[in-house]
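A.B. asks: please find the sequence and the predicted model below.
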Amino acid sequence: MTAEFKKSFLSGEITAPPSKSMAHRMLILAALSGGRCKVDNLDYSEDVLAMLDCLKALGASAETDGNAAVIDGSGFLKAPASDLCCRESGNTLRFMIPLCLTTGKRITLHGSERLMERPQSVYEDLCRENGFLYEKGDGCVSVCGRLSAREYAMSGSISSQFITGMIFALLSLDGERKIRVSEPFESRSYVELTAETVREFGGKITIEPSGSETVITVVGKSLCPRDVFVEGDYSNAAFLDAFNCVGSNVKVNGLSDKSVQGDRVYKRHFAALTSGCPTVDISDCPDLGPIVIALGSLLNGCKLTGTRRLAMKESDRGAAMREELKKFGLDIEVKDNEITVPKRELVRPSEPLSGHNDHRIVMALSVMCCVFGGEIEGAEAVRKTYPRFFEDIISLGAKVGLK
C-alpha cells in the first residue's frame, strides 16, 4: 500500500490506541491464571492476533467479542506439542519460548524472516546450558525441555522481552524463585510494566536492588483470574502528539497519568526537541527512536544515545531513517550506540519513501510528509501495532490518499 500525502494541518481530539505491550502481558497472564478472564479494549493488530493464536495453540481458549477477548486458561500449557505462528511479533516469540520450555514437549515457533534474524542468543544459551533442544530451521526455531523452578541470572543489557519471558515461565511453576539481573538494567521500565500487570492479576512479584544487581522475586502459581482493561498506548500516542511539535493542534486522550509505560517519557523528550538541540537517551525507550529522529530533523537537530537496539527491530531503524532522510536532503550520522541529527533545511522528497516493513518508520515519515508532502511505499506496515493509524490521522485533517 502506498500513502500519498499533501501538506496538512491536523486539528481535533483523538483517543490513543490500546497499549500492545499491556495487551500482550494481560493476555498471557489471563491464560496463566488458569481461569476465565476478560481482557477489554484490545486493538486487533497483527501482533495481538499473533499472541492470541499462540495462546490457543498452547491450549487456552480465546473468544473475541468486539474489542474484548475472553480467555480461559484451564487448558493452557497442556496441549499436545504443536506449532506456534508468531508472525512478525518479537514480543510473542520471546514471551512464548520460555513458556514452551516449561512443557517438556517439542514445540516449533514460526515467524517472518526478519523476526527470525533478531537475536535469540539468551534462550539459545539457556537451552545449551540445560541440555535442552534449541534448533533453528528455515523461518522457525524448535525447542524442547522443562525448566526447573530455580534461580536464574540474566544480563541487564539484554532486551526486557527475555526477562519478561522468564518471569512468565516462573509464574507457571511452583514456589518462589529469583531472577538476578546485572547492572546496568537498561530496560527496567518494561520489566516494571510486567510486574505491575502481574500484580493486577493478584500475582506476587518484587523488583529490588541488591548491590550490583536487581533481584526479581516471583512466586509461582500466585495468579488469580481477573477482568482487566488495556490502557492507552504511549508508544503509538507519541506519533499522534508529534504533529503538535510541527504546528498542528491535536489533543490525545486516553492516556493514564499513573501509567508505568516507559514510553511515557516522550512528552519530556518532545519538549526538549522543540526548545533546543538536546541529547536524548533512548536506551529505555527504543521504540521512540524513529519519531525522535524525525522531529530532530524537522526542528533543531538532536543527538540520540543508547541507540544500539534500533538495529534489532523490525528494520535497522537508524539505517532506515538515514536512508529516508537523505531523500529530504539530510544526512544523519549513525554509529553503534549514537545517532546525530544535524540542523539543516529540508526539502520535499522527489522520490517515494520506503516504510522498510516497519510500522514505526512509516508513522515517523508520515509526520514529516504532512509537513512537506510526499509518498510512502509499504505503508501497510502500520497494521502490525496500529491498524487504524491512517484512518485516525485522516479524521484529524491529514490529506492522505491510500492506494
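C.D. replies: Now that the structure is in, tell me what you want to look at.

A.B. asks: now do stretch 40-50: distance to the chain's middle.
C.D. replies: 12 Å (Cα atoms, centre = their mean, to the nearest Å).

A.B. asks: now do the end-to-end distance for that stretch.
C.D. replies: Its first and final residues considered, stretch 40-50 spans 17 Å by Cα to Cα, to the nearest Å.

A.B. asks: swap in stretch 303-317?
C.D. replies: End to end - Cα to Cα - stretch 303-317 spans 15 Å.

A.B. asks: what comes up buried for it?
C.D. replies: 303-304, 306-311, 313-317 (16 or more other Cβ atoms under 10 Å). In short, each C-beta sits where N, CA and C put it, glycine included.

A.B. asks: same question for stretch 331-341.
C.D. replies: Buried residues in stretch 331-341 (16+ other Cβ under 10 Å): Ile332, Val334, Ile339, Val341.

A.B. asks: also stretch 236-247?
C.D. replies: So for stretch 236-247, counting by 16+ other Cβ under 10 Å, buried means Asn236, Ala237, Ala238, Phe239, Leu240, Asp241, Ala242, Phe243, Cys245, Val246.

A.B. asks: out of those residues, which comes closest to Val230?
C.D. replies: Asn236 (12.4 Å; Cβ to Cβ).

A.B. asks: does anything pack onto the host helix or strand of the closest one? Which helices or strands?
C.D. replies: For Asn236, the host element (DSSP states H and E) is helix 234-241. Identification of packing neighbours for helix 234-241 by 3 or more Cβ pairs under 8 Å, 6 or more residues apart in numbering; DSSP states H and E yields helix 20-32, strand 249-253, helix 266-275, helix 359-372, helix 389-395.

A.B. asks: so can I have CSV of the ones you listed showing distance to Leu115, mean neighbour count and mean pLDDT?
C.D. replies: Formatted as CSV, the helices and strands packed on helix 234-241 follow (distance: least, Cβ to Cβ, whole Å; neighbours: other Cβ atoms under 10 Å; pLDDT from 0 to 100):
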stretch, distance to Leu115, mean neighbour count, mean pLDDT
helix 20-32, 15, 28, 97
strand 249-253, 30, 15, 98
helix 266-275, 25, 17, 98
helix 359-372, 13, 27, 98
helix 389-395, 21, 19, 98
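
A.B. asks: closest one to Gly203 among those?
C.D. replies: Among the helices and strands packed on helix 234-241, if distance is taken as Cβ to Cβ, the winner is helix 20-32, at 7.2 Å.

A.B. asks: next, the angle from the helix or strand following the closest one to helix 20-32.
C.D. replies: Using DSSP H and E, the helix or strand that follows helix 20-32 in sequence is strand 36-40. Angle, strand 36-40 to helix 20-32, by axes from the mean of the first three to the mean of the last three Cα atoms, to 10 degrees: 170 degrees.

A.B. asks: okay, now the sheet partners of strand 36-40, with direction.
C.D. replies: Here strand 36-40 has these sheet partners by DSSP bridges: strand 68-72 (antiparallel), strand 228-229 (parallel).

A.B. asks: which one of the ones you listed is the most hemmed in?
C.D. replies: Comparing the strands paired with strand 36-40 by mean neighbour count (mean count of other Cβ atoms under 10 Å), strand 68-72 comes out on top with a mean of 20.

A.B. asks: show me the contact partners of that strand.
C.D. replies: Contact with strand 68-72 is made by 27, 30-31, 35-42, 52, 55, 60-64, as judged by Cβ atoms under 8 Å, 6 or more residues apart in numbering.

A.B. asks: stretch 241-251 too?
C.D. replies: Applying Cβ under 8 Å, 6+ apart, the set of residues contacting stretch 241-251 from outside is 9-14, 240, 252, 266-267, 270, 273-274, 291, 294-295, 298-299, 364, 367, 370-371, 393, 396-397.

A.B. asks: can you pull the contacts of Asp83?
C.D. replies: Ala57, Ile107, Thr108, Leu109, His110, Cys140.

A.B. asks: again, but for Gly202
C.D. replies: By Cβ under 8 Å, 6+ apart, the neighbours of Gly202 are Ser222, Leu223, Cys224, Arg226.

A.B. asks: mind listing what the closest residue to the last one other than its chain neighbours touches?
C.D. replies: Translated: Arg226. Nearest residue to Arg226 in three dimensions, chain neighbours excluded: Phe201, at 5.0 Å (Cβ to Cβ, 6 or more residues apart in numbering). Applying Cβ under 8 Å, 6+ apart to Phe201 gives the contacts Leu29, Ala30, Leu32, Ser33, Cys37, Leu223, Cys224, Pro225, Arg226, Val228.
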